[in-house]
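**Student:** Sharing a model that was predicted from the sequence below.
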Amino acid sequence: MNEEQAVLNFFAQKENLSLALSVATQVDGTRQKLNNDFWLALRERIVANTSEWRVSTTEDRNATECLVGLYLQPETEQKLYLRPMLEQQYLGDTLRIYYGLMWSATPTLEQKQLSAIKTLHNTFQEAGFKSNESFLAWQWTPYYPRSMDFLLRFSTSADSLLNEVLDLIQNLLVTHHDALHFANTALFESSRSAAISVVSLDRLRVNLER
């Protein structure tokens, strides 16, 4: 029997349950810290490799100080846009990272039918990405951020792991640079036109009431 199995057998004994649970709590805390460190390090790496986007981390809505991903925003301010992102999601009893393009707000049917949007959507569909109401395109990665293999690799070979994950988002940004720019520009213009229409209608109503 090796030392690792001996330790596991020790904690499996009923009389050692209290100690086992205490150790488990501490291990969960260590996993959480490493998970947060991964997302923070990845954000720094993306920031260092792109100048056209603002990069923000995503926090778990139901847990404090728990990072679950990151997303990119255009430098220009706009409410509706497609944002490149990576995030971890429960898949069964484990967490897995996925990435793609997420809507920053709910688009109208007309906005979804914009030529630039349809072109980008079709390109990602042909590349094997999925889509739904929240995502123009998304795809699973091979990374399970809370697994032992992932955390050990992050602890011993962080640069290699971070570069691999960085390549996913960088490939998306580079390969679809122009198409993504055109899509977000089209969304910006459509939102501005809609706002102008609302203002014009309000003015018309005011004039009719006079």
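**Tutor:** Received, thanks. Numbering: from 1, shown residues only.
**Student:** residues touching Leu172, list them.
**Tutor:** Pro84, Tyr99, Gly100, Leu101 (C-beta atoms under 8 Å, 6 or more residues apart in numbering). (C-beta placed from N, C-alpha, C; glycine too.)
**Student:** which two in these are spaced the farthest apart?
**Tutor:** Tyr99 and Leu101 (8.9 Å; C-beta to C-beta).
**Student:** which residues do those two both contact?
**Tutor:** Pro84, Met85, Trp138, Leu172.
**Student:** Now, the residues you listed that are in strands?
**Tutor:** Here DSSP state E is the test, and those give Pro84, Met85, Trp138 as lying in strands.
**Student:** Of the residues you listed - the most surrounded one?
**Tutor:** Counting neighbours by other C-beta atoms under 10 Å, Pro84 leads these with 24 neighbours.
**Student:** So for it, what's the pLDDT?
**Tutor:** For Pro84, the pLDDT comes out at 98.
**Student:** The one 5 residues further on too?
**Tutor:** Confidence at Gln89, expressed as pLDDT, is 94.
**Student:** Pull the distance from whichever strand or helix holds it to the chain's centre.
**Tutor:** Assessed by DSSP states H and E, Gln89 sits inside strand 82-91. Relative to the centre of its chain, strand 82-91 is centred 3 Å away, using C-alpha atoms, centre = their mean, to the nearest Å.
**Student:** which parts of the following helix or strand past it are buried?
**Tutor:** Counting by DSSP H and E, the next helix or strand C-terminal to strand 82-91 is strand 94-103. For strand 94-103, the neighbour count (16 or more other C-beta atoms under 10 Å) marks Leu95, Arg96, Ile97, Tyr98, Tyr99, Gly100, Leu101, Met102, Trp103 as buried.
**Student:** Tell me which strands strand 94-103 pairs with, and in which orientation.
**Tutor:** strand 82-91 (antiparallel), strand 135-140 (antiparallel) (DSSP bridges).
**Student:** Format the ones you listed as TSV; extra columns: distance to Thr119.
**Tutor:** What follows is the strands paired with strand 94-103, written out as TSV (distance: least, C-beta to C-beta, whole Å):
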stretch	distance to Thr119
strand 82-91	12
strand 135-140	11
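**Student:** out of those strands, nearest to Thr156?
**Tutor:** strand 82-91 (20.6 Å).
**Student:** Now that closest one: buried residues?
**Tutor:** For strand 82-91, burial by neighbour count (16+ other C-beta under 10 Å) applies to Leu82, Arg83, Pro84, Met85, Leu86, Glu87, Gln88.
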